[in-house]
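Undergrad: Quick one: sequence plus predicted model below, questions after.
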Amino acid sequence: MRKHKNLPHINVGRDGNVVYYLVGEQMRLKSYACPKDPKTEKQIKNRNLHAELTLISAQTKALRQFCYKEVPTYNNSHNAFIGLHKQFMRKARLDSEKVYENLHWSRGERAGVASVTVRRSSGHFRLEWHPGNLTALSDVQSRVIWVLRNLTHGYWEWNLNAALRPDGHCNVSLFDKHYMDEYLLWIFFYNPKLKRFSEDQIVHIPANKSIFTIEFGGNNKTPWNMFEWLYPEIIAKRRE
């Protein structure tokens, strides 16, 4: 049981086989239905997706709180991260088993990096990017955020203030002997003054490849953009 945030004298939640909840100022109750084990393929996939997103959210708490705080209609960044991704993937008809490939750490809609180059050797990992069009002073002052998922050893690394957008490069510190592993990279810009993000670009870095470059746009354009119609539609529907 928990206290209602605006009515502290009222308890809401589950008590035994009864669930108490509020609709406006009116207290209602219903019987608790014990969830059954999923039977269909769709139910199993949905449960597996939820479990995977929950694990990612727990492993990346500071990153998730930074990127998904204050999302309209959601109580906290954890619920926003999980809820939005589940709806994004369902509405865009993405493969729910490819969770990492379909993650987005940025909810931004402004243009991001134009290209990314990774240069690495034993003990060295250098990240280079084309900053794109710097059309305003705010673009020049934006900082670079990178997120890495080590697919070989299964852990996360990130830097919320790696460099300034015009710098075009930075060095990445990793665990010893992990520099040539297989990684997924997310890179995007954040303006601390305007509190606005650019869209993030996702890069798959193969293992043992010393130099890897990818340009965005054209054939490498992001296959879906949450802000073109998905994000506003989801938030608007939740506000109804």
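TA: Sure, I can see it.
Undergrad: Next one, pLDDT for the most centrally placed residue in the chain please.
TA: In the chain, the residue lying closest to the centroid (Cα atoms, centre = their mean) is residue 105, at 3.0 Å. With respect to pLDDT, residue 105 scores 94.
Undergrad: what stretches of this structure score poorly on pLDDT?
TA: 1-10, 24, 35-38, 218-229 (pLDDT under 70).
Undergrad: Now do the contacts for residue 81.
TA: Contacts for residue 81 were tallied using Cβ atoms under 8 Å, 6 or more residues apart in numbering; they are 53, 56-57, 64, 67-68. (Glycine included, C-beta is placed from N, CA and C.)
Undergrad: Name the single longest helix found in the chain.
TA: Longest helix of the chain, by residue count under DSSP state H: helix 41-59.
Undergrad: Give me the contact list for that helix.
TA: Counting by Cβ under 8 Å, 6+ apart, 38, 64, 78, 81-82, 85-86, 89, 96-97, 99, 103, 155-156 sit against helix 41-59.
Undergrad: mind checking how far residue 183 is from residue 117?
TA: 14 Å (Cβ to Cβ, to the nearest Å).
Undergrad: These two: which has the busier surroundings?
TA: residue 183 (24 against 17; other Cβ atoms under 10 Å).
Undergrad: Okay, helices next: where are they in the chain?
TA: Going by DSSP H, the chain shows helices at 41-59, 61-67, 77-91, 137-141, 231-239.
Undergrad: Looking at these, which is nearest to residue 127?
TA: helix 61-67 (16.9 Å; Cβ to Cβ).
Undergrad: Residue 183 touches residue 154, doesn't it?
TA: No - using Cβ atoms under 8 Å, residue 183 is not in contact with residue 154; the gap is 11.3 Å.
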